[in-house]
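Colleague: coords below, sequence missing:
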């Protein structure tokens, strides 16, 4: 069947970090208004809101309906979409398919989370609620899954933690050039090794921080988009896939089926090969995940992903830039915002507006991968310059 | 543009009521498996889960991912969709548009909520979280909004509570013939007047109970659907619309813009007139809402909706059956399930499988209206026999 062509026409994002005196709604409104301004004031037909757990963070249900009210939206198609830490990718999928179906012509996708007003222990308890009952009962958490994965990867391929350190150093370098990143400071390998061990072998510097923030993108059917931007960023492929929810049921911890299959399906839909993709934003909740996801996405063979950051390929000025925004590691991870902020970064990069961290060459295609939980659900998106 | 034709091929539903020893996931799995069996074992490409607040009820985030795991689903497009009490309609919309876009060919939509393990006061506190901050600070709740609406309607049109009593009696009559309804007993006008006043002028018998339950529908592109059912129920129109989130900002409390506009858009999409619609399931959280919604949907003129139940038109054996399932009033309202359960009832009725409460004549079209909060967000769907 012939599909509608759909593009990002504008983007917005708050700084990620600690917003002490602001609510989730404040942040969502700021990102929304920036995306609307960036779309020359376009008023969308619909609103898709990505929030993981406003119920637990701020005792708010129906965040999409609240936001629609604050934005003064009437007579719109409005919903909240949730896929834990991959909510943003799912919300873009829902918006994209709504436009592709012809029921609406445009959509504002806004994601955000307000987390830092809760203590680390409270955050850990909230985030633990997305782990399967059985595994949760053993006391396992997302950070400890990552540590198990790192240990297994290291022992299987005979490496130490140095490649992980390189991922952290690279993503902090990128974050240092991103004025919207939570951490805007470079770190050295020494800083990495001096940081406290959280879950052996992983250290503080391996993990994303707890952040507040929001991001937004305006999607539009391409014919209409050209009235609102000179540089529409096409979304030519988009798909989702799941793996087991219970992590120990997986036959191979280092091949995340949700990541692999969503990548394959999105590429097939876009009619693109991996060699066309010259920029990736992915879900580096922990440094080891950047490596394993690059392998599951098929950009590196199993056991070779660890070389990418070590050899500088995935730096913003390398041959295959990954997480130029700073990634979750340095930009931060306000959960509902993250998948939408990936689209924000890619739109800036494809438009050549990424400033100091601008990639050297605008690629034919870019890709974001938004992952829920410990890889039980992923959405992958292919973007291309549309001008 | 030419749209794909999409149909319901199978449906499932738990009994609504008090399920003391069962979890939300148990209920979602039961409804899912029934819908899969009713679809001759079809395995869908995608899963859309409608849950309002598992975070607050059971401390579960990511209910869609958990359910996908329990159902053994791998490599599926999976998301949770939320629009408070109208979550079910929004989830069907997301599934429908995903199929219409061509990204997937089939979708299981499952909605549910587990509520009765919480006390009435705890439930009231959870449900209050969907009211706008400002109005919540005045102490107003959904039941009191309904009471204000009833008072205004009664004073504007010079009626007493008798028409409300007739709505309750009718919906209990319907529930008494629905083996999956929470309340399966008839009530009399006398029972109604003997029930306790909750919020003057409304009584216990004006309101939906707190219930547990789940419902599911399998959607499929029509060409494929015919392999899984002889009686596909087409969804020919579907749309959403919003009104103000803050209720006192509305210019007319008795004209719910979200309900009116979503109905108009869904009918336009289906190419149908109101006269084609011979069966409606709507959101009678309180009896007055059945009356006001019928007016906002345009089936009755302002000030005339109260006559419908009084004159017997909206009984299952009347000229324009409404809420043959028993509605929220008698069937119950496990929040995330409700919009999906409306589709369940309409599929049974159009297929002629509704037993004792079967409508006298299969209509050309039927409609469900799934409303979030106090009408801030509604999704309306048009169904037609597809055989």
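Modeller: Great, that's in hand. All values reported here derive from a predicted model rather than from experimental measurement.
Colleague: all contacts plus neighbour counts: C-alpha atoms, from now on.
Modeller: Will do.
Colleague: Would you mind naming what in the stretch 151-300 of chain A lies close to chain B?
Modeller: A:239, A:240, A:241, A:242, A:243, A:244, A:245, A:246, A:257, A:258, A:261, A:262 (C-alpha under 8 Å from any C-alpha of the partner chain).
Colleague: Surely the third one is in a strand?
Modeller: This means residue A:241. Yes - under DSSP: H, G, I helix; E, B strand; the rest coil, residue A:241 falls within a strand.
Colleague: For it, give the beta-bridge partners.
Modeller: Legend: beta-bridge partners of residue A:241 under DSSP bridges are residue A:378.
Colleague: and it, what is it in contact with?
Modeller: A:257-259, A:261-262, A:377-379, B:74-78 (C-alpha atoms under 8 Å, 6 or more residues apart in numbering or on different chains).
Colleague: which among those residues gets closest to residue A:230?
Modeller: Nearest to residue A:230, judged by C-alpha to C-alpha, of these is residue A:379 at 27.2 Å.
Colleague: pLDDT score assigned to the closest one?
Modeller: Reported pLDDT at residue A:379 in the predicted model: 98.
Colleague: how close does it sit to residue A:254?
Modeller: As defined by C-alpha to C-alpha, to the nearest Å, residue A:379 lies at a distance of 18 Å from residue A:254.
Colleague: Tell me which of these two has more neighbours.
Modeller: With neighbours defined as other C-alpha atoms under 10 Å in any protein chain shown, residue A:379 and residue A:254 compare such that residue A:379 has more, 33 against 19.
Colleague: doesn't residue A:370 make contact with the more buried one?
Modeller: Yes - if you go by C-alpha atoms under 8 Å, residue A:379 and residue A:370 touch, sitting 5.2 Å apart.
Colleague: Need the residues touching each of those two.
Modeller: Common neighbours of residue A:379 and residue A:370, counting by C-alpha under 8 Å, 6+ apart, are A:86, A:89.
Colleague: which residue ranges form the helices in the stretch 151-300 of chain A?
Modeller: For the stretch 151-300 of chain A, applying DSSP state H, counting those that start in this stretch gives helices covering A:162-176, A:189-194, A:222-225, A:257-270, A:287-296.
Colleague: Dump these to a markdown table, plus mean pLDDT.
Modeller: Formatted as a markdown table, the helices of the stretch 151-300 of chain A follow (pLDDT from 0 to 100):
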| stretch | mean pLDDT |
| --- | --- |
| helix A:162-176 | 98 |
| helix A:189-194 | 98 |
| helix A:222-225 | 94 |
| helix A:257-270 | 98 |
| helix A:287-296 | 98 |
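Colleague: export those to JSON lines and tack on mean neighbour count?
Modeller: Converted to JSON lines, these look like this (neighbours: other C-alpha atoms under 10 Å in any protein chain shown):
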{"stretch": "helix A:162-176", "mean neighbour count": "26"}
{"stretch": "helix A:189-194", "mean neighbour count": "14"}
{"stretch": "helix A:222-225", "mean neighbour count": "18"}
{"stretch": "helix A:257-270", "mean neighbour count": "23"}
{"stretch": "helix A:287-296", "mean neighbour count": "25"}
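Colleague: Reformat those into a markdown table and put distance to residue B:68 next to each item.
Modeller: Converted to a markdown table, those look like this (distance: least, C-alpha to C-alpha, whole Å):
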| stretch | distance to residue B:68 |
| --- | --- |
| helix A:162-176 | 32 |
| helix A:189-194 | 38 |
| helix A:222-225 | 34 |
| helix A:257-270 | 12 |
| helix A:287-296 | 21 |
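Colleague: Relative to residue A:183, which of those helices is closest?
Modeller: Among the helices of the stretch 151-300 of chain A, the nearest to residue A:183 by C-alpha to C-alpha is helix A:162-176 (6.2 Å).
Colleague: Residues touching the closest one, excluding its own?
Modeller: Against helix A:162-176 from outside (C-alpha under 8 Å, 6+ apart): A:181-189, A:192-193, A:205-206, A:287-288, A:290, A:306-307, A:309-310, A:314-316, A:323-327, A:329-331, A:357.
Colleague: Now, of these, which are buried?
Modeller: A:181-187, A:192-193, A:205-206, A:287-288, A:290, A:306-307, A:309-310, A:314-316, A:323-327, A:329-331, A:357 (16 or more other C-alpha atoms under 10 Å in any protein chain shown).
Colleague: Start and end of stretch A:300-315, how far apart?
Modeller: Taking C-alpha to C-alpha as the measure, stretch A:300-315 stretches 15 Å from start to finish.
Colleague: any idea of the mean pLDDT for that stretch?
Modeller: Here the average pLDDT along stretch A:300-315 is 98.
Colleague: now it: how far from the chain's centre is it?
Modeller: Offset of stretch A:300-315 from its chain centre (C-alpha atoms, centre = their mean, to the nearest Å): 20 Å.
Colleague: Give me the residue ranges of the stretch 51-200 of chain A where confidence is low.
Modeller: Counting by pLDDT under 70, the stretch 51-200 of chain A contains no low-confidence residues.
Colleague: And the closest residue to residue A:81 other than its chain neighbours, how far from residue B:91?
Modeller: Of all residues not flanking residue A:81 in the chain, residue B:81 sits nearest, at 4.7 Å (C-alpha to C-alpha, 6 or more residues apart in numbering or on different chains). Note on residue B:81: its distance to residue B:91, by C-alpha to C-alpha, is 5 Å.
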